[in-house]
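**Student:** The amino acid sequence is not available; the structure is as follows:
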């Protein structure tokens, strides 16, 4: 790397830069929304089928647990490639931003499910019992007691998960998914262009900060502290 | 209405017959834990029935069998004429709407305001939102929290939380209220307030209360009848007054001893003898009609001097009772005559 590379192509690369930023934004927000929703469902499944849970079911519990434990530790750089055949079926293509987004959504689902499960565990079992004692149905308890009671920590958990999601978008380049991470690698790292690299980093950090700030505000509102 | 008459007039509100609850061992191969071991119990409509026992006695499990939060292993639980052990899930939900429950840790929803917590059981019962307002406001007034309607649960004191818990349990106008250690997390002053409130629920609304406690003081303050539990079994039961006045089982004696200390232990008697002369007798006052003055006047008439060395007079649910240990001095024959004469008035025993 040159000493404080003034020799940068950032100016010329502006269209690519903003396009990459757009791709990261699309990938990350889609993953947070879709993966968040699916992760909530899977996390609820993990929690509710536990022993003593509202839908206690040992076989289902074992299957869900094994699935999460199997997929979650796979390094994303491998996972995104391994998921290509499935991506072709689901989103119609094995490459590009849609394929990368699909892989991130799947990975985020598994990751977020554990965060959801952990936060649901903190809800007092007594509150659930009280709702049962009032004759509430299991689905009513799940959606009008359990989730609202855990909402504060859940929002914080999702905020935390967003960093991991942004991390995954940086690897989208493996399947030509684009995004700022890939941009920084191609035009910053490989071209020894520090300015391009740091410009990408700053935008990524800004993304994370905005979500972090929003998450904290929302959690505070929910927790009414 | 006496308890016998009530029993003749109608069925008990809650009847447990040969109820057993077994929990499987924590790990495979562990012995099963018998939490409730063959309990028979009748709770009459309109009464406050207390179940007292040390922790692990099975009382909290027992109360959860009544609204079937836990299924029984064997035996029958009949609430208001319905056997809860055979009800399907849907029937259970309907049953539970007719049984209020109050918890030691209040178990309120922190994500809702006081109002929201009271609205929940009403929504569950299918009462439309527009009709909930009046009921919630009635409930809040009844428990004295009208000004806290929109407060967050986390801003309430323990006593206020339990008032909300009670209001919530009353929301759907149940016939039966289950109180599981409802005052155990509260300080003595607040405990008294909450017990007064429960007594009012029973008296003014006619709601039967089945309460679980490990504090004999709770029993003394509000219970009409009591069952004492130990090791999953009911070891003694009866009217609260009778249990206080004349406990039979060692566990009952220990519980009674925590609030009423009118029976001197052997070492205390020995110490008393060193300080007092004469014959030691214990008078057991049981009926309100017995006037202590008559008893004492009899002693005086026979020239028997008496010294009160131990004991006291207690009041439970409007009935006075107590054990007084006296040291009687005077002519031995006169003491005999005096004791013979008070025999019809008060039960007495020689203190060994």
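**Tutor:** Sure, I can see it. In this text the structure is predicted, and so the values were computed from the model without any measurement.
**Student:** make it CA atoms for all contacts and neighbour counts henceforth
**Tutor:** Fine.
**Student:** what does the stretch 101-250 of chain B put close to chain A?
**Tutor:** B:101, B:103, B:105, B:107, B:108, B:109, B:110, B:111, B:121, B:124, B:125, B:169 (CA under 8 Å from any CA of the partner chain).
**Student:** what helix or strand is the first one on?
**Tutor:** If I follow you right, that is residue B:101. According to DSSP states H and E, residue B:101 maps onto strand B:99-103.
**Student:** what packs against that strand?
**Tutor:** Counting contacts by 3 or more CA pairs under 8 Å, 6 or more residues apart in numbering or on different chains; DSSP states H and E, strand B:99-103 packs against helix A:125-133, helix B:158-170, strand B:176-180.
**Student:** Taking the residues of the stretch 101-250 of chain B next to chain A together, which two end up most distant?
**Tutor:** B:105 and B:125 (23.5 Å; CA to CA).
**Student:** Next, report how far the one helix or strand residue B:282 maps to is displaced from the centre of its chain.
**Tutor:** Taking DSSP H and E as the criterion, residue B:282 maps to strand B:279-285. On the basis of CA atoms, centre = their mean, to the nearest Å, strand B:279-285 sits 28 Å off its chain's mean C-alpha point.
**Student:** now swap in stretch B:225-245 and tell me
**Tutor:** Chain-centre distance of stretch B:225-245: 9 Å, with CA atoms, centre = their mean.
**Student:** So what touches that stretch?
**Tutor:** Stretch B:225-245 has contacts (CA atoms under 8 Å, 6 or more residues apart in numbering or on different chains) with B:34-40, B:47-54, B:56-59, B:219-220, B:223-224, B:248-249, B:251-252, B:256, B:260, B:286, B:316-317, B:319, B:321-323.
**Student:** With adjacent residues omitted, what lies nearest to the residue in the stretch 151-300 of chain B that chain A sits nearest to?
**Tutor:** Chain A sits closest to residue B:169 of the stretch 151-300 of chain B, with a gap of 7.8 Å, by CA to the nearest CA. Nearest residue to residue B:169, sequence neighbours excluded (CA to CA, 6 or more residues apart in numbering or on different chains): residue B:100, at 4.2 Å.
**Student:** what sits against the one you found?
**Tutor:** Residue B:100 neighbours (CA under 8 Å, 6+ apart): A:133, A:134, B:168, B:169, B:170, B:172, B:174, B:176, B:177, B:178.
**Student:** so the second one sits right up against residue B:122, yeah?
**Tutor:** No: with the criterion set as CA atoms under 8 Å, residue A:134 and residue B:122 do not qualify as a contacting pair; they are 9.2 Å apart.
**Student:** circling back: give me the helices and strands touching the strand holding residue B:282, please.
**Tutor:** Using 3+ CA pairs under 8 Å, 6+ apart, strand B:279-285 sits against strand B:319-329, strand B:347-350.
**Student:** Take the contacts of stretch B:225-245 and keep only those in strands.
**Tutor:** Of the positions in these, B:34-40, B:48-53, B:316, B:319, B:321-323 sit in strands, assigned by DSSP state E.
**Student:** what about the helices in the chain?
**Tutor:** Reading this off chain A. For chain A, the helices defined by DSSP state H occupy A:14-30, A:36-48, A:58-71, A:76-82, A:84-90, A:96-121, A:125-133, A:138-141, A:147-169, A:180-183, A:194-223.
**Student:** wait, I meant chain B there
**Tutor:** Taking DSSP H as the criterion, chain B contains helices spanning B:3-9, B:59-66, B:89-97, B:114-124, B:129-142, B:158-170, B:188-205, B:216-222, B:240-245, B:250-259, B:266-275, B:292-301, B:332-342.
**Student:** Can you point out the buried residues in the fourth one?
**Tutor:** Residues B:114, B:115, B:116, B:117, B:118, B:119, B:120, B:121, B:122, B:124 are the ones in helix B:114-124 that count as buried (16 or more other CA atoms under 10 Å in any protein chain shown).
**Student:** Give me the nearest residue to the first one, chain neighbours excluded.
**Tutor:** Put plainly, it is residue B:114. residue B:149 (5.4 Å).
**Student:** Could I get the contacting residues of the closest residue to chain A within chain B?
**Tutor:** Nearest to chain A, among the residues of chain B, is residue B:93, at 4.1 Å (CA to the nearest CA). Contact analysis of residue B:93 by CA under 8 Å, 6+ apart lists A:132, A:134, A:135, A:136, A:137.
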